[in-house]
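Enquirer: coords below, sequence missing:
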């Protein structure tokens, strides 16, 4: 049982390039989330999804797009990478319900030069 | 806006010591509070989730308490071990389903 898997684990981009981060979960969870983690700022929510085919903006959505075409996958796209998007990105998923635990992926370390 | 603070930012203790990590939040209208562990270069692992109606939760050597009215939670670790060295984060979830994370406390347990 893999849980939450993120691909890739590391990536270096040049300013202006685009890329897609993939999150896959095998727990049949309805909810999925993308966060970024930066020193001194905690984890901040970028976008989230409460089910297949639905997405919503989080706290810091600008410069990112997401898609949830399949229940098990949640994709995060960077349209035109900027140095300010250098960060560690985490995907998380959880079952329906407020008092359910969130499961996190291992993270993707992205550097934009 | 909910703000979550964890003090201290770093803590170093000798093996075997009991210790307490603190988490405070500004808006007491929370639905639950969750404690996570994060090892270097890894994702977050859930340790304990306390519902707003609960006062504490226990798992092995870990005990988390919640005082909603004062906006505080503590994570108590008994008989600390070097393997407990990690960063511990707390996150509060509001009734609207939004989660806010603290910056974490980095714990080092020295053999």
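Expert: The structure has been received and is ready for your questions. These numbers were taken from a predicted model, which means no experiment stands behind them.
Enquirer: For the worst-scoring helix or strand of chain B on mean pLDDT, which strands pair with it and how are they oriented?
Expert: Within chain B, no helix or strand scores below strand B:99-101, which has a mean of 91 by mean pLDDT, DSSP states H and E. Note on strand B:99-101: by DSSP bridges, its sheet partners are strand B:86-94 (antiparallel).
Enquirer: Could you list the buried residues of the least confident helix or strand of chain B?
Expert: B:99-101 (16 or more other Cβ atoms under 10 Å in any protein chain shown). Any C-beta I mention is one placed from the backbone N, CA and C, and that applies to glycine too.
Enquirer: and which of the residues you listed is nearest chain A?
Expert: Nearest to chain A among the buried residues of strand B:99-101 is residue B:101, at 4.2 Å by Cβ to the nearest Cβ.
Enquirer: Write down the beta-bridge partners of the closest one, one by one.
Expert: Bridge pairing for residue B:101 - DSSP bridges - gives residue B:91.
Enquirer: Now do the same contact list for residue 5.
Expert: Because you didn't say which chain, this covers chain A. For residue A:5, the contacting residues are A:23-25, A:105-106, by Cβ atoms under 8 Å, 6 or more residues apart in numbering or on different chains.
Enquirer: ah, I was thinking of chain B
Expert: By Cβ under 8 Å, 6+ apart, the contact set of residue B:5 is B:23-25, B:102-103.
Enquirer: Same question for residue B:64.
Expert: When contacts are counted by Cβ under 8 Å, 6+ apart, residue B:64 is found next to B:33, B:35, B:47-48, B:50, B:56-58, B:73-76.
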